[in-house]
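Engineer: Okay, structure incoming, though there's no sequence with it:
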């Protein structure tokens, strides 16, 4: 199944009209024709099945035949991750985290951050592509990049963790996890969180955790954390 995306599609609609670019892709590239069925999501958990009625590569139109709601996971995962020096590493994290299962992502700028400018539009495109590839009907939310201290001052639900490499008292993330818990995890830059940042996080009720014995790159640590949450919630 190939999944298409239209953020404006609602459950009470009976027809969808594709943009010129999408129409060309559907008709000319994918060689779809009248009577063929398309699967479409609005990124909010709704899966639409639609039949092409007008196979025009400039103005493809399809009639919606059925609507299904994809069940939501019974937990929420929010990762706040420092952008990596090389953009492609952070983009890899976005793609894989979406495939594994994540609800929201916040890029955070830390004391040791080497990158303080991100390509938000490109990041959103990567999340969208990964959502469609994994046949997921929920598009992860990419929050605005903010300063680490500002992030801590916001309200966060569920369990709160900070993964860092300092040789101080920590617990294993694995030992802390239980199914159906909403979780927020902080992942630092290549140079790790500063001592002041770790202290500040603890003051905001974040629990310091270890992701294993090996020292991990930022994007690897984020994926390990993401997979750990998904694994503990596996049916």
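Structural biologist: Received it, and whenever you're ready, just let me know what you need. These figures come from a predicted structure and were not determined experimentally.
Engineer: what residues are up against the closest residue to residue 16 other than its chain neighbours?
Structural biologist: Among residues not flanking residue 16 along the chain, residue 62 sits closest, at 5.2 Å (Cβ to Cβ, 6 or more residues apart in numbering). Quick note: C-beta positions are derived from backbone N, CA and C, even for glycine. Neighbour list for residue 62: 15-16, 18, 38, 50-53 [criterion: Cβ atoms under 8 Å, 6 or more residues apart in numbering].
Engineer: Now residue 62: which helix or strand?
Structural biologist: strand 61-69 (DSSP states H and E).
Engineer: Could I get the contacting residues of residue 225?
Structural biologist: By Cβ under 8 Å, 6+ apart, residue 225 lies in contact with 79, 161, 163, 173, 185, 187, 211.
Engineer: give me that answer again for 10 Å
Structural biologist: Contacts for residue 225 (Cβ atoms under 10 Å, 6 or more residues apart in numbering) come out as 77, 79, 81, 97, 102, 161, 163, 173, 183, 185-187, 209, 211, 216.
Engineer: Can you turn the buried part of those residues into a ChimeraX selection?
Structural biologist: In ChimeraX syntax, the buried subset of the contacts of residue 225 is picked out as below (16 or more other Cβ atoms under 10 Å):
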select :77,79,81,97,102,161,163,173,183,185,186,187,209,211,216
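Engineer: Of the contacts of residue 225, which belong to strands?
Structural biologist: Counting by DSSP state E, the contacts of residue 225 place 77, 79, 81, 161, 163, 183, 185-187, 209 in strands.
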